[in-house]
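**Q** Below are the sequence and a predicted model; questions follow.
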Amino acid sequence: MKKLSVLPFVLLLVGCSTPSVLPDKEDVKVTREAPDSDCVFVDVVRGRTTSVTGTPKDALNDLHEDAANKGVNYVVIEQYSGNRTAVTGRGYKCP
């Protein structure tokens, strides 16, 4: 019986939670082209792979995650490491 009385309270809390305002990593565009003039610079974003068998794709996936965590949805690639297991870019928030 006690469990049933807690259920409405839990549902109320879940219903009041705020949805995330950060973009999903799949929504981050990574390019070498300059952003539109209405985009705002947010921060430098980085991606890397620490695995011995890491690939450039792993580094780009990490970059997508870093960008999404910072609220960035547009990244201009600035530099790859020599072995392409690290990548750096400038992150922007675009409408």
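**A** Received, thanks. Residues are numbered from 1 along each chain as shown.
**Q** Of all residues in the protein, which one is nearest the centre?
**A** The residue lying closest to the centre of the chain (Cα atoms, centre = their mean) is A68, at 1.6 Å.
**Q** did I read that right, that one in a helix?
**A** Yes. A68: assigned to a helix according to DSSP: H, G, I helix; E, B strand; the rest coil.
**Q** which residues touch T88?
**A** By Cβ atoms under 8 Å, 6 or more residues apart in numbering, T88 lies in contact with 44-46, 77-79. Any C-beta I mention is one placed from the backbone N, CA and C, and that applies to glycine too.
**Q** Most neighbours among the residues you listed, please name it.
**A** V45 (27 neighbours; other Cβ atoms under 10 Å).
**Q** still on that earlier bit, the residue nearest to the centre of the chain reaches D27, doesn't it?
**A** Yes. Using Cβ atoms under 8 Å, A68 is in contact with D27, at 7.4 Å.
**Q** Go ahead and confirm R32 touches V75.
**A** No. Counting by Cβ under 8 Å, R32 sits too far from V75 to count as a contact (9.9 Å).
**Q** And these two? Which one has more around it.
**A** The residue with more neighbours, out of R32 and V75, is V75; 28 against 9, by other Cβ under 10 Å.
**Q** Can you check the pLDDT for the residue lying closest to G54 once chain neighbours are set aside?
**A** Once flanking residues are discounted, G54 sits nearest to T85: 4.8 Å by Cβ to Cβ, 6 or more residues apart in numbering. If you check T85, the pLDDT there is 85.
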